[in-house]
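Asker: Turn this into a structure:
(2 chains)
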Amino acid sequence: MSAQSLTGPNPRLDRLPRRKAVNRIMELLAWLAAAIAVGILVVVVVSVFRHALPALNLDLLTKDPIPFSLTNAPQGLANAFVGTIVIVGIATLMALPVGILVAIYLNEFAPASIRNGVTLVLDILNGVPAIVIGIFVFGLFVVGHGQSGLAGAFALACLMLPLVSRSTMEILALVPNSLREASLGLGVPQWRTTLSIVLPQATGGILTGTVLAVARVAGETAPLLFVSSFVGTQTEWNPIHALQTVPVAIFELSESPDPADHARAWAAALVLLLFILFTSLAARWLANRNRSKLTAR
Amino acid sequence: MSTTIEPTMRVETRRQPLPPKERLERIFSIEGLDAIYSGKPAVKDVTMEVYKNLVTAIIGPSGCGKSTFIRCLNRMNDLIPGFTQTGTISYHDQDICGASVDPVAVRRNIGMVFQRPNPFPKSIRDNVAWGMNVLGIKDNQDERIERALTQAALWDEVKDRLKASALSLSGGQQQRLCIARAIAVEPDVVLMDEPASALDPIATQAIEELMHNLKSEYTFVIVTHNMQQAARVADMTAFFSISQGSEGQRWGELVEYDATEKIFTAPSDKKTEDYVTGRFG
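Answerer: Numbering: from 1, shown residues only, chains lettered A, B, ... in the order given. Okay, the predicted model is just below:
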């Protein structure tokens, strides 16, 4: 009878304490790993926040830096914020249409062999180190022509392209085939089906991918060091000229001997960090909304 | 085995007697059709004709290739990677797979209603109007929309909320909306791939009635796994079955094709009889 006992001696339960202990340990390790991941983010945010506090004021966003300033005149990094907005904006304008068209072609039109091949290429492009893209754009545009915000935007667009097209492909794959069939079954051509039925379903997802890509490249430093870093201290909107950017400004200020410059570097880092946190959260919210819309049926 | 049909299989029918064969107009002539998915045959060697203004039902057990077959009729299978077919399908004596034939033109003439209701995520009105707009049917749109929805037996239920989302309709209403959408662009043939399989009996009845009422204007081909449904709505019935090769490969084939009355009361093939009497499948 003891073979059925749930509490007393039972050969089936011989190793039960040991199994429970192992289970506990594994659970604890998994919990620790998760805690470390969260902890790192918390430590980064807290330390950036603490260092940034002295320089965190509106002047940071509105005033240009004053080189070798001997006075206490307020100065900021307006030129870098403007440059980042201009360069990332142009990069988005370049990468978004191409990325979406690539995704549409691959998901809606291309035969499987081409789709697999190009998807692999996109994944490889996604893995290319930013510095390599920087050197490539440097050789392509900067040698002989000089640095420019446009070259910087092109470099960032190269980094955005695979992100935008891969995320668009994923969301297009979620659009139910039954909708495509419904439209094609009416005798509607495929391009029209894609444009009027498939794409409107995917706009939320495309937006998500774009926002994530923007968040990712807004913090890129390496390619911009080559192609858009010899800059003045005035705010400059014209992308024909080299533009200061936030990540490059952080890098340069951190090399300065002046502690006030360090503080401004930290403050700029905090703004960048908050921007990326915010956009990532927005992207996640958009993605959830879109996913639930697509899978509700 | 006796040839008597069990009483339970006697089903009501409103069919009128079929006109003699020579007075029927052929819409499709299918000859030696093989449909193959990535090297695996789904149906083999189907030869049959589909006649104008009749309801033709395709019945058979799961996996016999009914859906594959009906999707061949408007080249819907073109969308499936790895699909190939051999043999000919003539539509009004034109090969629908001919080199100069655009599949879009085929589907423009031969519409389709699918197994699961698939309305566009648009308003009820736009579901019907969108196809007409895209295909250039611009005159008297409101009348046409009302007519299509009336023919699909949906008008009374939706006339006061045409701007509501189609996704707010029940499954049966959605399917009737899909039928309205298909007939609003005035095709010649309407293919229906198990249109009632996801619906309750009342919605099913509505769809059967509308087929009955509309067959003077359209030609229907309907796939169904429900024999009673075939017996109720179809003039002609084709029975598909599964064949097994020596190496275990399976494919569907057309066993018998005849007037529905004949298929259900005096089938000439043993397999058909076993199926319609419920001994198999």
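Asker: Not counting sequence-adjacent ones, nearest residue to the residue nearest to the spatial centre of chain A?
Answerer: A centroid search over chain A (Cα atoms, centre = their mean) returns residue A:216, at 2.4 Å, as the residue closest to the centre. In this structure, residue A:216 finds its nearest non-sequential neighbour in residue A:163, 6.4 Å apart by Cβ to Cβ, 6 or more residues apart in numbering or on different chains. Glycine gets a C-beta too; all of them are placed from N, C-alpha and C.
Asker: Return the set of buried residues in the helix or strand hosting the residue nearest to the centre of chain A.
Answerer: For residue A:216, the element it lies in under DSSP states H and E is helix A:199-218. Using 16 or more other Cβ atoms under 10 Å in any protein chain shown as the test for burial, helix A:199-218 gives A:199, A:201-202, A:204-218.
Asker: same thing with stretch B:115-123?
Answerer: Under 16+ other Cβ under 10 Å, the buried positions of stretch B:115-123 are B:115-123.
Asker: list the contacts for the nearest residue to residue B:175 once chain neighbours are set aside?
Answerer: Spatial nearest neighbour of residue B:175, excluding adjacent residues (Cβ to Cβ, 6+ apart): residue B:117 at 4.2 Å. Residues in contact with residue B:117, defined by Cβ atoms under 8 Å, 6 or more residues apart in numbering or on different chains, are B:171, B:174-175, B:177-178, B:198.
Asker: Okay, and which of the buried residues of stretch B:115-123 map to helices?
Answerer: Among the buried residues of stretch B:115-123, DSSP state H puts none in helices.
Asker: Out of the residues you listed, the closest to residue A:9 would be?
Answerer: residue B:116 (56.7 Å; Cβ to Cβ).
Asker: Secondary structure element for the closest residue to that closest one other than its chain neighbours, which one?
Answerer: Residue nearest to residue B:116 in three dimensions, not counting chain neighbours: residue B:198, with 5.6 Å by Cβ to Cβ, 6+ apart. Using DSSP H and E, residue B:198 falls within no helix or strand.
Asker: what number of residues lie near residue B:198?
Answerer: 15 (other Cβ atoms under 10 Å in any protein chain shown).
Asker: Where do the domain boundaries of chain A fall?
Answerer: Using automatic domain parsing, the domain parsing of chain A gives A:18-57, A:88-295.
Asker: and residue 214, what pLDDT?
Answerer: No chain in the question, so chain A it is. The model reports residue A:214 with a pLDDT of 92.
Asker: Let me rephrase: I mean chain B.
Answerer: Taking residue B:214 on its own, its pLDDT is 90.
Asker: How about residue A:291?
Answerer: Note on residue A:291: pLDDT of 68.
Asker: circling back to that earlier point, are any of the contacts of residue B:117 buried, and if so which?
Answerer: Buried residues within the contacts of residue B:117, counting neighbours by 16+ other Cβ under 10 Å: B:174-175, B:177-178.
Asker: Closest one of those residues to chain A?
Answerer: For those, the closest approach to chain A (Cβ to the nearest Cβ) belongs to residue B:178, at 7.0 Å.
Asker: That closest one belongs to a helix?
Answerer: Yes - under DSSP: H, G, I helix; E, B strand; the rest coil, residue B:178 falls within a helix.
Asker: ok, it - contacts?
Answerer: Counting by Cβ under 8 Å, 6+ apart, residue B:178 touches A:182, B:113-114, B:117-119, B:127.
Asker: any idea how far it lies from residue B:190?
Answerer: Taking Cβ to Cβ, to the nearest Å as the measure, residue B:178 falls 11 Å from residue B:190.
Asker: what residues do the two have in common as contacts?
Answerer: Taking Cβ under 8 Å, 6+ apart as the contact rule, the neighbours common to residue B:178 and residue B:190 are residue B:113.
Asker: picking that back up, I'd say the residue nearest to the centre of chain A and residue A:161 touch.
Answerer: No - the criterion here is Cβ atoms under 8 Å, and residue A:216 misses it with residue A:161 at 11.8 Å.
Asker: Give me the buried positions along the helix or strand harbouring residue A:292.
Answerer: In this assignment (DSSP H and E), residue A:292 forms part of helix A:259-295. In terms of neighbour count (16+ other Cβ under 10 Å), helix A:259-295 has its buried residues at A:261-273, A:275-276, A:279, A:283, A:286-287, A:290, A:294.
Asker: Going along the chain, name the helices of the chain.
Answerer: You didn't pick a chain, so chain A it is. Using DSSP H, the helices of chain A run over residues A:16-52, A:58-62, A:78-104, A:112-127, A:130-137, A:149-174, A:177-185, A:190-193, A:199-218, A:222-227, A:246-254, A:259-295.
Asker: ah, no, chain B please
Answerer: Secondary structure of chain B (DSSP H): helices at B:66-72, B:103-109, B:124-134, B:141-151, B:155-158, B:171-184, B:201-214, B:227-233, B:260-265, B:270-276.
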